[in-house]
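Asker: have a look; sequence and predicted model below, questions after that.
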Amino acid sequence: MWAYLQNDKTWVLRNVRGPIQTDPNLLIIAVAINAVFVIIGAALFVVGVSMAIRLFRSYSRSVAEARAKAPAAADGGTAEKGSP
């Protein structure tokens, strides 16, 4: 805090670590963390597509079932006497 108040910008460089990809010892860990996120993202994508397919199939079945139960359309019949 004192360095910040004294307008000393070097405290940022002293207190912030670089990315772990720059350390060869931690490169494997960085790749593993990245792989975990890629795998989880792919799994969530597959689950989302699966849910969308199931929803579409369910909707299609319910529409077909509703159409099968719908009453037949009227044939128009004849006009009553006295009506315009």
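Answerer: Okay, I see it.
Asker: list the helices and strands the helix or strand hosting residue 62 packs on?
Answerer: Assigned by DSSP states H and E, residue 62 belongs to helix 27-69. Using 3 or more Cβ pairs under 8 Å, 6 or more residues apart in numbering; DSSP states H and E as the contact definition, helix 27-69 packs against no other helix or strand. Placement of C-beta: from N, CA and C, glycine included.
Asker: what mean pLDDT would you report for it?
Answerer: The average pLDDT for helix 27-69 rounds to 91.
Asker: stretch 75-84 too?
Answerer: On average, the pLDDT along stretch 75-84 is 66.
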